[in-house]
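1. Sequence first, predicted coordinates after that:
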Amino acid sequence: MKTLITTLACLALMAGSALAEGIDGKYTSERKMERDGQSFTIKQVFDLKSDGDKIKGSVTIMFGDNEMKADVTEGKLDGNKFKFSVTMETPNGAMKQVFNGTVDGGTLKGTAAREGGQERPFEAKK
């Protein structure tokens, strides 16, 4: 009986660790865009870490010679579901973006939307 209880306790601890580390790491996404007849690639790097049911970290967006970085705010983790925001300072003022989705192994999948804007799908990989 003692062995069974010890085994169950160890399994519970390992399961908790697996969930806590489920979103931790650096993820990268790239997407191609065209604007005014020019093509360019937007690269996003998500550097995320869970703290219980909260998500901390940063998001860096790079396009052309421009690079913007912002800290994650309002980060929530519920099992494999996540939601967090970043507010980037742009030449046109502050822009808040909300990310919503799931983490599956080394992949973040979901939607991203500027505040008041249309959602678009995104996928980022470790």
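-> Nice, I can see it.

2. Roughly how far does M88 sit from N80?
-> 26 Å (Cβ to Cβ, to the nearest Å). Using the backbone N, CA and C atoms, a C-beta is placed for each residue, glycine as well.

3. Can you pick out the residue with more neighbours from those two?
-> Taking other Cβ atoms under 10 Å, M88 and N80 do not tie; M88 has more neighbours (16 against 13).

4. is that one in a bridge, and if so with what?
-> Counting by DSSP bridges, M88 forms beta bridges with M95.

5. Run through the residues that contact it.
-> Going by Cβ atoms under 8 Å, 6 or more residues apart in numbering, M88 touches I61, M68, A70, A94, M95, Q97.

6. ok, for the residue nearest the centre of the chain, nearest residue in space, not its chain neighbours?
-> The centre of the chain sits closest to F46, judged by Cα atoms, centre = their mean, with a distance of 5.4 Å. Excluding its sequence neighbours, the residue lying closest to F46 (Cβ to Cβ, 6 or more residues apart in numbering) is Y27, at 4.3 Å.

7. Neighbours of S50, how many?
-> 19.

8. quick one: pLDDT of it?
-> Confidence at S50, expressed as pLDDT, is 96.

9. I'd like the distance between it and M95.
-> Separation of S50 from M95 (Cβ to Cβ): 25 Å.

10. same check, this time on G117
-> Noted for G117: a distance of 9 Å to M95, by Cβ to Cβ.

11. Comparing the two, which shows the higher neighbour count?
-> Higher neighbour count among G117 and M95: M95, with 16 against 12, using other Cβ under 10 Å.

12. The lengthiest strand in the chain pairs with which strands?
-> Determined from DSSP state E, the single longest strand within the chain is strand 38-51. Next to strand 38-51 in the sheet, as set by DSSP bridges, lie strand 25-35 (antiparallel), strand 54-63 (antiparallel).

13. can I get the ones you listed in a markdown table with mean neighbour count, distance to G106 and mean pLDDT?
-> A markdown table is the format used below for those (neighbours: other Cβ atoms under 10 Å; distance: least, Cβ to Cβ, whole Å; pLDDT from 0 to 100):
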| stretch | mean neighbour count | distance to G106 | mean pLDDT |
| --- | --- | --- | --- |
| strand 25-35 | 13 | 7 | 91 |
| strand 54-63 | 17 | 16 | 95 |
